[in-house]
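> let's see this in three dimensions:
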Amino acid sequence: MEVQTSDHNGVTVFRVKGEINLSTSPDLKRQFEKHTVRRVVVDLADVSYIDSSGLATLVEILKKTKVHGGSLGLSGMPDKIRSLFEITKLDKLFTVYATQADALDAASK
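Numbering: from 1, shown residues only. The predicted structure follows:
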């Protein structure tokens, strides 16, 4: 798994590539902990697989962001990943955007 971060007018984008699983989710969590951010977009366009530990890590990151008065949006989910979020009902917990541009537009308002 690879995580690239960038800042877009006060919104931090985490672009994740590869698999988010039991062995990589701790690395993802560490990447988020390196940054103190209030407005976050996690771009999942290049994620090929996510397991339950990866989902749990995203939920944990969402909770921490909200505790600090922030927001977190997910963008660019491939159909397979989107289906997993729908089956687990996590699409109701997270704000999901079709593209990173849509998420950035919403986060900057």
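
> just the pLDDT at the residue at minimal distance from the centre of the chain, thanks.
Geometric centre of the chain, nearest residue: residue 42, 3.1 Å, by CA atoms, centre = their mean. At residue 42, the predicted lDDT confidence score is 96.

> can you name the residues bridging to it?
With DSSP bridges as the criterion, residue 42 is bridged to residue 14, residue 74.

> pretty sure it contacts residue 73?
Yes - counting by CB atoms under 8 Å, residue 42 does reach residue 73; the two are 7.4 Å apart. In this view, the C-beta of every residue, glycine as well, is placed from N, C-alpha and C.

> for this protein, just list every one of the helices.
Listed in chain order, the helices of the chain (DSSP state H) span residues 25-33, 52-67, 79-87, 100-107.

> possible to save those as JSON lines with mean pLDDT, mean neighbour count and distance to residue 19?
Formatted as JSON lines, the helices of the chain follow (pLDDT from 0 to 100; neighbours: other CB atoms under 10 Å; distance: least, CB to CB, whole Å):
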{"stretch": "helix 25-33", "mean pLDDT": "93", "mean neighbour count": "16", "distance to residue 19": "10"}
{"stretch": "helix 52-67", "mean pLDDT": "95", "mean neighbour count": "16", "distance to residue 19": "8"}
{"stretch": "helix 79-87", "mean pLDDT": "96", "mean neighbour count": "14", "distance to residue 19": "11"}
{"stretch": "helix 100-107", "mean pLDDT": "92", "mean neighbour count": "18", "distance to residue 19": "20"}
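
> wait, which of those is closest to residue 10?
Across the helices of the chain, residue 10 has its closest neighbour in helix 100-107 (8.4 Å, CB to CB).
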